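S.K.: no FASTA, just this:
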């Protein structure tokens, strides 16, 4: 019995040693695995959004660590920093709910931002909707368990940067097409939907002198627009009027191409925003309430401006919607020129109000 007790003691000590070591290594990571926030008292205000990154959030640290010494600021341990970051993210979500923010765009520039993104998605549970705003050329290799509501390029809405036009581009005669794996996932049948987009390109080539620019927007390993667009281009491999734009441009450069289109069919929300803000007639293939809300805000209705992905059953309705858009193209452009200044002014007022609230004004 004494020998048996000795063995148990050895085993117990070993287990404790392993647990302590694991805790020392894993505690900072575990500190960020969950966030508890109160329920939203009121529903979000449609159209309200906040763009933010980790470097913009204040870190709350203990009094012992607090210092006003700018030359020799206090150094936080990994555990202390992650705990402070977790609290900063929690306060961000509380602020978003209290101020009825509908969409929170989280800056993603590296693996740490990507991990924080999942933490936000899990804690927010759709309120607010968390979008990944990708900065630079970062592209994650794995899919998250708790995924964002959408993907955007950090800086969408900024001034357009006009790069030289690629071979095949026809001045005032180039139509843009953006198709995403995400939108195909929301259709009744992926292959039928993809074939409908191929049929649309064929229709454009046959009935007009327009070229077709295939425009990628999101190029993550598990959600890459280039996959869908390359499949379309493969059907027109020898056709110079159909070409694929580079997949490593920034938001301003993509917008520089979009603003020079004569029309656009887009699956990604932020490609359509680049088009609307530069007065390009646009047909959105949407799957979310956000696409519907934008159409209603700008045009007062969805009809003629939005084709729900869930209802896309074949090429006929897609081609008919495109033809109707191009037929009223001049009128649509004029309507956007009248509507966008007041619409953007309203967005700026909303942002100013949110920032003032954040500053306690």
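M.R.: Structure's in. What do you need? Treat the numbers as computed from the prediction; the structure is a model and nothing was measured.
S.K.: all helices for the stretch 251-361 of the chain, in order.
M.R.: Assigned by DSSP state H, counting those that start in this stretch, the stretch 251-361 of the chain shows helices spanning 251-258, 269-276, 289-299, 315-327, 329-358.
S.K.: now those in TSV, with distance to residue 101, mean neighbour count and mean pLDDT?
M.R.: Quick note: C-beta positions are derived from backbone N, CA and C, even for glycine. Below are the helices of the stretch 251-361 of the chain laid out as TSV (distance: least, CB to CB, whole Å; neighbours: other CB atoms under 10 Å; pLDDT from 0 to 100):
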stretch	distance to residue 101	mean neighbour count	mean pLDDT
helix 251-258	21	22	88
helix 269-276	17	26	88
helix 289-299	13	18	80
helix 315-327	32	16	95
helix 329-358	7	13	67
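S.K.: distance to residue 206 added to the ones you listed, as CSV?
M.R.: What follows is the helices of the stretch 251-361 of the chain, written out as CSV (distance: least, CB to CB, whole Å):
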stretch, distance to residue 206
helix 251-258, 24
helix 269-276, 24
helix 289-299, 29
helix 315-327, 11
helix 329-358, 19
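S.K.: give me the number of residues near the spatially closest residue to residue 230 that is not a sequence neighbour?
M.R.: Leaving aside its sequence neighbours, residue 230 sits nearest to residue 244 (CB to CB, 6 or more residues apart in numbering; 6.9 Å). By the measure other CB atoms under 10 Å, the count of residues near residue 244 is 18.
S.K.: my read is that residue 244 contacts residue 226, right?
M.R.: Yes: the pair residue 244 / residue 226 is scored as a contact, 7.4 Å apart, by CB atoms under 8 Å.
S.K.: which neighbours do the two have in common?
M.R.: residue 216 (CB atoms under 8 Å, 6 or more residues apart in numbering).
S.K.: ok, now which ones touch the closest residue to residue 44 other than its chain neighbours?
M.R.: Leaving out its chain neighbours, the residue that sits closest to residue 44 by CB to CB, 6+ apart is residue 102, at 3.9 Å. Neighbouring residues of residue 102 by CB under 8 Å, 6+ apart: 44, 45, 46, 47, 48, 49, 128, 129.
S.K.: for the stretch 151-300 of the chain, give me the ranges with low pLDDT.
M.R.: Filtered on pLDDT under 70, the stretch 151-300 of the chain yields the residue ranges 153-158.
S.K.: mind listing what's buried in stretch 259-266?
M.R.: Neighbour counts over stretch 259-266 (16 or more other CB atoms under 10 Å) mark 260, 261, 262, 263, 264, 265, 266 as buried.
S.K.: could you dump the residues you listed into CSV with distance to residue 168 added?
M.R.: CSV is the format used below for these (distance: CB to CB, whole Å):
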residue, distance to residue 168
260, 13
261, 13
262, 14
263, 16
264, 17
265, 18
266, 19
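S.K.: inside strands: which ones of those?
M.R.: Per DSSP state E, strands hold the following members of the buried residues of stretch 259-266: 263, 264, 265, 266.
S.K.: quick one: which of these is nearest to residue 200?
M.R.: Nearest to residue 200 among those: residue 265, at 7.0 Å, using CB to CB.
S.K.: what residues are up against that closest one?
M.R.: Applying CB under 8 Å, 6+ apart, the residues contacting residue 265 are 175, 176, 177, 178, 200, 282, 283, 285, 318, 322.
S.K.: likewise residue 329?
M.R.: Neighbour list for residue 329: 262, 263, 281 [criterion: CB under 8 Å, 6+ apart].
S.K.: how about a cut-off of 10 Å?
M.R.: 262, 263, 280, 281 (CB atoms under 10 Å, 6 or more residues apart in numbering).
S.K.: what separation is there between the second one and residue 189?
M.R.: Here residue 263 is placed at a distance of 26 Å from residue 189 (CB to CB, to the nearest Å).
S.K.: need phi/psi at the residue nearest to residue 230.
M.R.: phi -110, psi 130 (degrees, to the nearest 10).
S.K.: hmm, residue 316 is touching residue 199, no?
M.R.: Yes: counting by CB atoms under 10 Å, residue 316 touches residue 199, with 8.7 Å between them.
S.K.: report the secondary structure state of the nearest residue to residue 84 once chain neighbours are set aside.
M.R.: Spatially, and ignoring its direct neighbours in sequence, residue 84 is nearest to residue 59 (4.1 Å; CB to CB, 6+ apart). What DSSP: H, G, I helix; E, B strand; the rest coil gives for residue 59 is coil.
S.K.: for residue 91, see how far away residue 59 is.
M.R.: 10 Å.
S.K.: include distance to residue 300, secondary structure and pLDDT when you put the contacts of residue 102 into TSV, please.
M.R.: Shown next, in TSV, are these (distance: CB to CB, whole Å; DSSP: H, G, I helix; E, B strand; the rest coil; pLDDT from 0 to 100):
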residue	distance to residue 300	secondary structure	pLDDT
44	21	coil	83
45	19	coil	80
46	14	coil	73
47	14	coil	67
48	20	coil	77
49	21	strand	78
128	25	coil	91
129	23	strand	90
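S.K.: which of the residues you listed are buried?
M.R.: Members of these classed as buried by 16+ other CB under 10 Å are 44, 47, 48, 49, 128, 129.
S.K.: and the residue nearest the centre of the chain, which of the three is it?
M.R.: Residue closest to the average C-alpha location in the chain (CA atoms, centre = their mean): residue 151, at 1.8 Å. Counting by three-state DSSP, the backbone at residue 151 sits in strand.
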